[in-house]
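Trainee: the following comprises the amino acid sequence and a computationally predicted model.
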Amino acid sequence: MYQIFVNDKPIVLTTKVEQETDFKNYLLDTTAIGKVIKEIQKSSLGSIRLIGKDKKTLLKSFLKFLPNVIAGGGKVYNDKGEVLFIFRNDKWDLPKGKAEGKETIDRTAIREVEEETGISGLRIVKPLEITYHIFKRNGKYKIKVTYWFEMHTSYSGVLLPQEEEGITKVAWLNETQIKKAMNNSYANIKLLV
């Protein structure tokens, strides 16, 4: 099962048909993605489920619907066990951004974290989940595919929000602060935290 978020509502890719309650079922191979996106945005549905035949090809089939934007990001820990967050568009988020040219996805993730927060000395510990969300740019829908990495740094200097990217704050948050921040974050970030 995969979840592709439209704002904070998921389009669920699955092979199992379930009785509709607060969601609707559609067949993956006959659906019109524009209709699905509009319906999930404008209705009170909790989600939409796209039913496919083969578990192995669900995601690949869905990703063909819209242009893909590949991005990398980090869940960065410091020596105190705090996690690095950014505040952008009035929500708490983790630093991430799109790949440039032929750079590797791990290089993208490190570069974007450094650019958006001003930190350095990052080390990738392990890959995390991949998240998917649909957004609209210049009147066209796209799917952002974000590869996440757990990272560590001993950096203790000044945090510098990348203001030209709309980031107004960068902060190290402890466990209690993270729980509070998740009340004002994105569904796909909540999956990582």
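Mentor: Okay, I see it.
Trainee: select the longest helix from the protein.
Mentor: helix 105-117 (DSSP state H).
Trainee: what's that one in contact with?
Mentor: Here helix 105-117 makes contact (Cβ atoms under 8 Å, 6 or more residues apart in numbering) with 70-74, 76, 84, 86, 95-100, 103, 119-120, 122, 124, 147-149, 151, 159-162, 165, 167, 170. C-betas here are computed from N, CA, C, even on glycine.
Trainee: okay, now the sheet partners of the lengthiest strand in the chain, with direction.
Mentor: The longest strand of the chain (DSSP state E) is strand 123-137. In the sheet, strand 123-137 lines up against strand 2-6 (parallel), strand 140-152 (antiparallel) (DSSP bridges).
Trainee: returning to what we had before: are any of the contacts of helix 105-117 buried, and which?
Mentor: Neighbour-count burial (16 or more other Cβ atoms under 10 Å) applied to the contacts of helix 105-117 gives 71-74, 76, 84, 86, 95-97, 99, 119, 122, 147-149, 151, 161-162, 167, 170.
Trainee: look up phi and psi at the spatially closest residue to residue 158 that is not a sequence neighbour.
Mentor: Computed as Cβ to Cβ, 6 or more residues apart in numbering, the closest residue to residue 158 that is not its neighbour in sequence is residue 118, at 6.6 Å. The phi and psi values for residue 118, taken as degrees, to the nearest 10, are phi 80, psi 10.
Trainee: turn the strands paired with strand 123-137 into JSON lines, including distance to residue 53 and mean pLDDT.
Mentor: Below are the strands paired with strand 123-137 laid out as JSON lines (distance: least, Cβ to Cβ, whole Å; pLDDT from 0 to 100):
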{"stretch": "strand 2-6", "distance to residue 53": "15", "mean pLDDT": "95"}
{"stretch": "strand 140-152", "distance to residue 53": "21", "mean pLDDT": "97"}
